[in-house]
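In: Test case, fold it:
(chains A, B, C and D)
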2 protein chains.
Amino acid sequence: MKMTIYDVAEKAGVSISTVSRVINNTGRISDKTRRMVLRVMEEMDYHPNVHASALTGKKTNMIGLITPDISNPFFGELAKSIEDSAGVLGFHIIICSTDYQPEKETKYFSMLRQKQADGIIFATGLDHDDSVTALDDIVKSGTPLAMITQDKPLAPMDVVIIDDFLGGYTAAQHLISLGHKKIACIVGNGSTTGERDRIKGFQKAMRQAGMTLDESLIIPTEYSLESGKQAAAELFDRDLPTAVFAFNDVLSCAAIQAARSRGIRVPEDLSVIGFDNTILAEMTAPPLTTISQPIREMGRRVVELLIDEIQGKKKAKSKIVLSPELVIRQSTAPAKTRPQQ
Amino acid sequence: MKMTIYDVAEKAGVSISTVSRVINNTGRISDKTRRMVLRVMEEMDYHPNVHASALTGKKTNMIGLITPDISNPFFGELAKSIEDSAGVLGFHIIICSTDYQPEKETKYFSMLRQKQADGIIFATGLDHDDSVTALDDIVKSGTPLAMITQDKPLAPMDVVIIDDFLGGYTAAQHLISLGHKKIACIVGNGSTTGERDRIKGFQKAMRQAGMTLDESLIIPTEYSLESGKQAAAELFDRDLPTAVFAFNDVLSCAAIQAARSRGIRVPEDLSVIGFDNTILAEMTAPPLTTISQPIREMGRRVVELLIDEIQGKKKAKSKIVLSPELVIRQSTAPAKTRPQQ
DNA sequence: CTGTTAGCGCCTTCAT
DNA sequence: ATGAAGGCGCTAACAG
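Out: Numbering: from 1, shown residues only, chains lettered A, B, ... in the order given. Got it, this is the predicted structure:
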């Protein structure tokens, strides 16, 4: 049942180049023959062989998505949005889950180059040196690149991020408006530009309110439930704040759990604000006040940018900065005017 | 810098067919030339062009994964495991997220056929008629197929499932052992074989304990937080049980939330047991007692099965049934001997 | 506007 | 054990 361009040509009574031309919308063809070829293709349920055309240097309609961990709800939702948006435009996604291991990153690079992926979207850190040199190869090959949730000027590429500074600022403002003065931040490992910006935004809001963020209340940790719990536990035992700003929803859950196991009530004794607004935020108890990232839109936008470039519709790289938004649920509450009262 | 088989042949002083032979481990080659060719390939960092070899009917090293929704933690973790396991064996995954829309299913089928995916893993219902006919085409093409989390005899294919009967049985047993008598089940839309088996297992345990499962306490709903909450709410308002068995972790969260908003305490007033043991189970408050599916192992096993078949190492289809396991956390507790005491 | 033809990189008989 | 040559399905000059 495998139709080739020859079958179509024969049945349409034209040559294969004519068929090829209508497929690719190239060269001049009389409207009449175009329509008839189109009809024949339809009738025969013909679909061009991707590998044959890739072999001659054409597109493969495949985009690689490099992500640290699709089982993490944030990246899961992002991947889904990217897959959806790409699908509409006729592209398909190869997932590459690095599990935070830089070696895997470089492995994926070379495999994507080999398979002639039309473009690559990065959602990982790209920290390791090997990754960077491997990246160079890809850049030289001219493959369009895009980066999401992060803005590292490693190579010219499209970027879609949120205004992390604003996110940090908004979170702080919310807590401050509730009367909190002693606020801790549970941050990640500090490797992304986003994290640093969030801290800066947070500090700005504090300063504007005439406060300062105590360095000892900035707690670095890994982005996992376990390490988050541990970090929060240590903090609470050492120096209990009245509010915590956790840098993602998982860490917020961690903070809430650590609090609960110590008899600290959320939000009565401790307010917790998260980041991302993934499905987790609705699942926790109490439901999480959090800074929402427009995940679906972010996915849609990277894909648009990248595919525009793949199709040669645009050349200049662009950066899109989306706004985060405060979503108030029930994990934050006014600070008590006096402790323990 | 694109190396071809010709470059290798020239540098090695042999013909391309010799090189081809060592690449594919085919035909007879002197050990000496094999080693030298291998060395040259290494030196030149040569990697065969997948498209060219696909064009001649060889493998593409790509596997399609058809899943309803990777942003759902269960499928996210499954996808990750599948991607990992496949990666180790040199295969890559194209994700196809159907969003529970059968039309998308058939679209993906045809695209995977076109791209000559070496195999396909289904994690979706395959309910729609169109999907089934489209499936036929794929079966005829001889593409190895595998199905996970479900056992529908639509076509000969490998299957990896858990013992859902046992899962339902275990859940019931746990609740019964805690003294619960009035137990409700929040099930899905009933389309999968797994669901039906769980109910059967549940009923078996009830019967063994001399009880029966009241039909009116089997609540069908969609697998989403929203509809779960609504279903639970209606149930609670109508006829409050002392325990609920929800068919996945999301529905458990829904039940817990519906309970809380009514002042029903979990687990004091109401025990809730879930299914899947996704990351959600640890995130909720209280942490969820749930029936654990060995997600990672399931992923690994389908991949092994499918790839074995792709590589012609096995022909007969096999079915692997893994055991679910009870994970006790804090959402279940002994039934009160008397209501309201 | 349309047809002819030479590759793209690799696999696979068929000879040697 | 190795080489030569045709073909996989399609694109892109190059001729009409």
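In: Just give the strands next to the helix or strand where residue A:274 lies in its sheet, each with its orientation.
Out: Element membership of residue A:274, judged by DSSP states H and E, is strand A:271-276. Counting by DSSP bridges, the strands paired with strand A:271-276 are strand A:243-246 (parallel), strand A:289-292 (parallel).
In: and residue A:184, that one's in a helix?
Out: No: the assignment for residue A:184 is strand, going by DSSP: H, G, I helix; E, B strand; the rest coil, so no helix is present there.
In: Surely it is in contact with residue A:219?
Out: Yes: with contacts counted by CB atoms under 8 Å, residue A:184 reaches residue A:219, the gap being 6.3 Å. For every residue, glycine as well, the C-beta is placed using N, CA and C.
In: And these two? Which one has more around it.
Out: Neighbour count, other CB atoms under 10 Å in any protein chain shown: between residue A:184 and residue A:219, residue A:184 has more, with 25 against 20.
In: May I have the beta-bridge partners of that one?
Out: Partner residues in beta bridges with residue A:184, using DSSP bridges, are residue A:244.
In: Just the buried positions in stretch A:209-218, please.
Out: Across stretch A:209-218, burial judged by 16 or more other CB atoms under 10 Å in any protein chain shown covers A:211, A:213, A:217, A:218.
In: Tell me who's in contact with the residue in the stretch 151-300 of chain A that DNA strand C sits nearest to.
Out: For the stretch 151-300 of chain A and DNA strand C, the shortest gap (CB to the nearest atom of the strand) falls at residue A:155, measuring 24.4 Å. By CB atoms under 8 Å, 6 or more residues apart in numbering or on different chains, the contact list for residue A:155 reads A:135, A:136, A:139, A:145.
In: Residue A:286 too?
Out: By CB under 8 Å, 6+ apart, the contact set of residue A:286 is A:256, A:266, A:267, A:329, A:330, A:331, B:285.
In: Among the residues you listed, name the ones in helices.
Out: Filtering these for membership in helices, criterion DSSP state H, returns residue A:256.
In: now, which of the contacts of residue A:286 sits nearest DNA strand D?
Out: The closest of the contacts of residue A:286 to DNA strand D turns out to be residue A:329 (CB to the nearest atom of the strand; 52.0 Å).
In: Double-check the closest one against residue A:285; I have them as touching.
Out: No: because the distance of 10.6 Å does not satisfy CB under 8 Å, residue A:329 is recorded as not touching residue A:285.
In: Compare these two (neighbour count), which wins?
Out: residue A:285 (20 against 17).
In: nearest residue to whichever residue of the stretch 151-300 of chain A sits closest to chain B other than its sequence neighbours?
Out: When CB to the nearest CB is the measure, the stretch 151-300 of chain A has its nearest residue to chain B at residue A:285, with 3.4 Å between them. The shortest distance from residue A:285 to any residue that is not its chain neighbour, by CB to CB, 6 or more residues apart in numbering or on different chains, is 3.4 Å, and that residue is residue B:285.
In: and the one you found, what is it in contact with?
Out: Residues touching residue B:285, when contacts are defined by CB under 8 Å, 6+ apart, comprise A:256, A:257, A:260, A:284, A:285, A:286, B:256.
In: For the strand or helix carrying residue A:259, give the mean pLDDT please.
Out: Assigning secondary structure by DSSP H and E places residue A:259 in helix A:249-260. Here helix A:249-260 scores 93 as its mean pLDDT.
In: ok, now stretch A:285-298?
Out: Taken as a whole, stretch A:285-298 has a mean pLDDT of 95.
In: Same question for stretch A:189-203.
Out: The pLDDT scores in stretch A:189-203 average 89.
In: Now the stretch 201-341 of chain A against DNA strand C: closest residue?
Out: Taking CB to the nearest atom of the strand, DNA strand C has its nearest neighbour within the stretch 201-341 of chain A at residue A:310, 20.1 Å off.
In: residue boundaries of the helices in chain A?
Out: For chain A, the helices identified by DSSP H occupy A:5-12, A:16-24, A:31-44, A:50-55, A:73-88, A:102-114, A:129-140, A:164-177, A:193-208, A:225-238, A:249-260, A:280-283, A:295-310, in order along the chain.
In: Does the shortest one pack against any helices or strands, and if so which?
Out: Right, helix A:280-283. Using 3 or more CB pairs under 8 Å, 6 or more residues apart in numbering or on different chains; DSSP states H and E as the contact definition, the elements that helix A:280-283 packs against are helix A:249-260, helix B:249-260, helix B:280-283.
In: on that earlier part again, can you list contacts of the strand holding residue A:274?
Out: Residues external to strand A:271-276 that are found in contact with it (CB under 8 Å, 6+ apart): A:74, A:167, A:171, A:174-175, A:178, A:180, A:198, A:242-249, A:251-252, A:255-256, A:259, A:266, A:281, A:288-293, A:295, A:324, A:331-333, A:335.
In: Any stretches of the stretch 201-341 of chain A with poor pLDDT?
Out: Low-confidence segments of the stretch 201-341 of chain A, defined by pLDDT under 70: A:337-341.
In: got the residues of the stretch 1-150 of chain A near chain B?
Out: Of all the residues in the stretch 1-150 of chain A, those in contact range of chain B (CB under 8 Å from any CB of the partner chain) are A:1, A:47, A:49-52, A:54-55, A:60, A:62, A:69-73, A:76-77, A:79-80, A:83-84, A:87, A:92-97, A:99, A:104, A:110-111, A:114-116.
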